[in-house]
Every structure is written in C-alpha cells, then in structure tokens.
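Colleague: Build me a model from this:
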Amino acid sequence: MLKLVFSLTIVTVICGSLLAIVYSVTKEPIQKAEIIQKGLKIESVFESLEPDNNPINAPYYFVTENGDTIQKGYLALKNGDTVGIALEDTGIGYGGKITVLTGIDLKDNSITSIEILSQSETPGLGAKVIDSTWREQFSGKSLDNSILVNGALSVKKDGGDIDAISGATISPRAVCFAVNQSLHLVDSLNTGESR
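Modeller: Modelled structure (predicted):
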C-alpha cells in the first residue's frame, strides 16, 4: 500500500511539474497572440474612421472621483483629434460572459461596429453573435436613432430594433447589455449624466 502511495505521489509531482513548465513556456506566446488578436479587432471597429494612429497604443482609462479605473478604452485619432473610442464591456449570456468591443464615432456617438472578444455560447445558437452579418446591424445605431426600451438598445422580442437569434435570445440580450454600457458611458461624458 505504501509503495502505491509513493508511486502516485511521484507521478503527481512529475505531472504537476510538466504542467508548470508547459504553462510557463506557453504563457507569453499566448498573451502576445491575444494582444495581436485584440489589436486586429480594435482596428476593425475603427475601420470606417480611418484613424492615423494604432489605437491599441492609445489606451484611455475612465476613472471615478476616487481614482478607481472603471473602464478601459482605446482612442482613434485623426489629424490630432480624437474621433472615436472603443470600449470593452461584458454581458451575461447563456454560457457565461460575452465580452464585446464597441467602437463609437464621437462625432455623433453612433456605433462604428462591434466585435466579440470572447464568448462561450452554444455553437450553432448563441455563438452566432460572432457572425459578422448579425453584428453589422449595430453599425450606425446610437441612443438617439434607435428604438430604446428603458433607455437601452434591445432585441425586437423586448420591443427594441435589434434582431435576435432564433432559439438564442439570451445571447443577443447580453450583447445589447454590453453595447448599452459602452454607449451610456460615452453619453455620460457628453451630457454629464446617463440617460
């Protein structure tokens, strides 16, 4: 019995050490790949604004009066002026958090486009939120030109004008929630208060 416990302990230590080595070797390349992927998505939401900077190198932090960071964004600059901001926010879908990057044109606070940074929705159903054809319906929408329900963009099933996904209403609602958070944050900068 003692021999079995000793053998299992050795195997466990070896496996744990191998996992630690693999993690330490792959951690940095994975982080670099994530940054590159995020940078491409940030460029994508600003494509219509044609910024003359690389927005991932122009982070912007929203802070409270206490100095706590509540949101991180990325600025699109053109001829020295800030023309857009991309904000990252989350909504809770069927499979967990859906992280959405919302590009906003600061000329009229309309959405340039959105990208899904992460999600774990059901393939073939809620995961369709990553489809570009579904995401395109957000482009050009704002709090001023959309059908709002309680001050927020909503899916048609809830009275708004965002198409849901058949059989997966929770996922589009989560995306709408995240997009609304970003729109209201930018709106509060302009008006001093949120709608």
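
Colleague: need the contact list for residue 51.
Modeller: Residue 51 makes contacts with 76-78, 83-84, as judged by C-beta atoms under 8 Å, 6 or more residues apart in numbering. In this view, the C-beta of every residue, glycine as well, is placed from N, C-alpha and C.

Colleague: Please tell me how far the spatially most central residue of the chain sits from residue 133.
Modeller: Residue closest to the average C-alpha location in the chain (C-alpha atoms, centre = their mean): residue 100, at 2.3 Å. Distance check for residue 100 against residue 133: by C-beta to C-beta, to the nearest Å, it reads 16 Å.

Colleague: What segments of the chain are helices?
Modeller: Counting by DSSP state H, the chain has helices at residues 2-45, 132-135, 170-191.

Colleague: thinking again about what came up before, any of the contacts of residue 51 buried? List them.
Modeller: 76-77, 83-84 (16 or more other C-beta atoms under 10 Å).

Colleague: what's the most distant pair in those?
Modeller: Maximum pairwise distance in the buried ones among the contacts of residue 51, criterion C-beta to C-beta, is 8.7 Å, between 77 and 84.

Colleague: which residues are common contacts for these two?
Modeller: With C-beta under 8 Å, 6+ apart, residue 77 and residue 84 have common neighbours 51, 55.

Colleague: In contact with residue 173, which residues?
Modeller: Listed by C-beta under 8 Å, 6+ apart, the contact partners of residue 173 are 91, 154-155, 158, 164.

Colleague: and with 10 Å instead?
Modeller: Counting by C-beta atoms under 10 Å, 6 or more residues apart in numbering, residue 173 makes contact with 91-94, 98, 154-155, 157-158, 160, 162, 164.

Colleague: Which strands border the helix or strand bottoming out on mean pLDDT in the chain, and is each parallel or antiparallel?
Modeller: The helix or strand of the chain with the lowest confidence, counting by mean pLDDT, DSSP states H and E, is strand 59-63 at a mean of 84. Strand 59-63 has the following sheet partners, assigned by DSSP bridges: strand 69-78 (antiparallel).

Colleague: Go through the partner strand and flag the buried ones.
Modeller: So for strand 69-78, counting by 16+ other C-beta under 10 Å, buried means 71, 73-77.

Colleague: what mean pLDDT does that strand have?
Modeller: Mean per-residue pLDDT for strand 69-78: 87.

Colleague: biggest strand in this protein by residues?
Modeller: Using DSSP state E to define each element, the chain has its longest strand at strand 81-92.

Colleague: pLDDT of that strand, averaged?
Modeller: On average, strand 81-92 scores 95.

Colleague: which parts of that strand are buried?
Modeller: Buried-residue list, strand 81-92, by 16+ other C-beta under 10 Å: 83-91.

Colleague: List the strands paired with that strand, with their directions.
Modeller: Short version: by DSSP bridges, strand 81-92 pairs with strand 69-78 (antiparallel), strand 97-105 (antiparallel).

Colleague: tilt between the shortest one and helix 2-45?
Modeller: So the one you mean is strand 97-105. Counting by axes from the mean of the first three to the mean of the last three C-alpha atoms, to 10 degrees, strand 97-105 lies at 20 degrees to helix 2-45.
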